[in-house]
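In: Sequence first, predicted coordinates after that:
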Amino acid sequence: MNLNEFNSYANQQLQSIDGGERSSLIRFLLADRLSVNANEIDLKSTISLPSSLMETLQNDLIKLQSGVPLQYVTNIAWFAGEKYFVDESVLIPRPETEELVYLIKEEVELNEDASVLDICCGSGCIPIALAKQLKLKQVYACDISLEALAVSKKNAAIHNVNLNLFWTDVLEEGFENNSDLKFDLIVSNPPYITAIEGNAMSDSVLDFEPHLALFAPDDDPIRFYRKIALYAKQHLNPGGSLWFEVNKLYGVEVERLLRGLGFVETMAQEDMSGNLRFVSGFQPF
């Protein structure tokens, strides 16, 4: 079977999926499995697929038909222009989180010896991308999920980044005082979706992505931000900065929290879709 024939076959197998989405899924599935750019798929329409790959692709189609996100089917997610390993123990990286990395790169000057920590690191895409783009010698990352830490470790090896990983529970008593480490930058994309908002989310997210990394308490939706900000007050070097990806409904509240804790030059900034998505502040000198 060649690519063109497989495309017709896959379209028949995935008829329950909307046409535009179906076409995109098939294109990116083939690109991932053949390790080529998606734009090259049409140019390779007559090449034959080996039988060993056909078996994998048929299993892939079964998973896609049942609603499994493509990134979990192929274990490949793209972030900041590079491949990362993902499985169902970590969130699929979002474009907004890429924007956070680019924003930090634009607005913060760090030398190669700077110390950076990502709290609630998931797949490790944020600290690894920062390490590569800012040419940092080493970065730190932590998470409550041992499975997520294993994924971060795998991605660090793939990208040849010196990533120091440790387990922590942000919400436990005394979290803010649990180490003597000091950092020049702390970043976090913690759980921030409330259960009410979750009712409007797609099944592919609710059924397959880890709820531990998605949901914040309804009675205190900025609880993670408060705990992480208190940690940052104890562990940021003078002049160091704290960066958050936030729920668009609570950006103003999170910025107010940082100001109340004594952070300076606080900012709440919009993402490319116009949603209030990023909040930052600096530790005074």
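Out: Sure, I can see it.
In: drop to CA atoms for contacts and neighbour counts, all remaining ones
Out: Will do.
In: after the lowest-mean-pLDDT helix or strand in the chain comes which helix or strand?
Out: Scoring the helices and strands of the chain by mean pLDDT, DSSP states H and E places helix 195-198 at the bottom, with a mean of 76. The helix or strand immediately downstream of helix 195-198 is helix 203-208, counting by DSSP states H and E.
In: Report the rounded mean pLDDT for that next one.
Out: Mean pLDDT, computed over helix 203-208, is 82.
In: now the residue nearest to residue 248 when sequence neighbours are not counted: how far from residue 249?
Out: In space, and not counting its chain neighbours, residue 248 is closest to residue 276: 4.7 Å by Cα to Cα, 6 or more residues apart in numbering. Taking Cα to Cα, to the nearest Å as the measure, residue 276 falls 8 Å from residue 249.
In: ok, now which ones touch the residue nearest to residue 248?
Out: 246-249, 251, 268-270 (Cα atoms under 8 Å, 6 or more residues apart in numbering).
In: again with residue 30
Out: Residue 30 touches 38, 41, counting by Cα under 8 Å, 6+ apart.
In: per-residue confidence at it?
Out: At residue 30, pLDDT is 93.
In: This protein: helices as residue ranges?
Out: Assignment of helices within the chain using DSSP state H yields the ranges 3-13, 19-34, 51-65, 70-74, 95-107, 125-134, 146-158, 195-198, 203-208, 211-214, 223-235, 251-260.
In: By residue count, which strand of the chain is the longest?
Out: Ranked by residue count, the top strand of the chain under DSSP state E comes out as strand 236-245.
In: Output it as PDB, restricted to C-alpha atoms.
Out: Provided in PDB are the C-alpha atoms of strand 236-245 (Å, rounded to 0.1, in the frame of the first residue of the first chain):
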ATOM      1  CA  LEU A 236      14.500  33.600  44.400                       C
ATOM      2  CA  ASN A 237      17.700  35.500  44.400                       C
ATOM      3  CA  PRO A 238      17.500  39.300  44.600                       C
ATOM      4  CA  GLY A 239      16.400  40.500  41.200                       C
ATOM      5  CA  GLY A 240      15.100  37.000  40.200                       C
ATOM      6  CA  SER A 241      11.800  36.600  38.500                       C
ATOM      7  CA  LEU A 242       8.600  34.400  38.800                       C
ATOM      8  CA  TRP A 243       6.600  33.500  35.700                       C
ATOM      9  CA  PHE A 244       3.200  31.900  35.500                       C
ATOM     10  CA  GLU A 245       0.800  30.600  32.900                       C
END
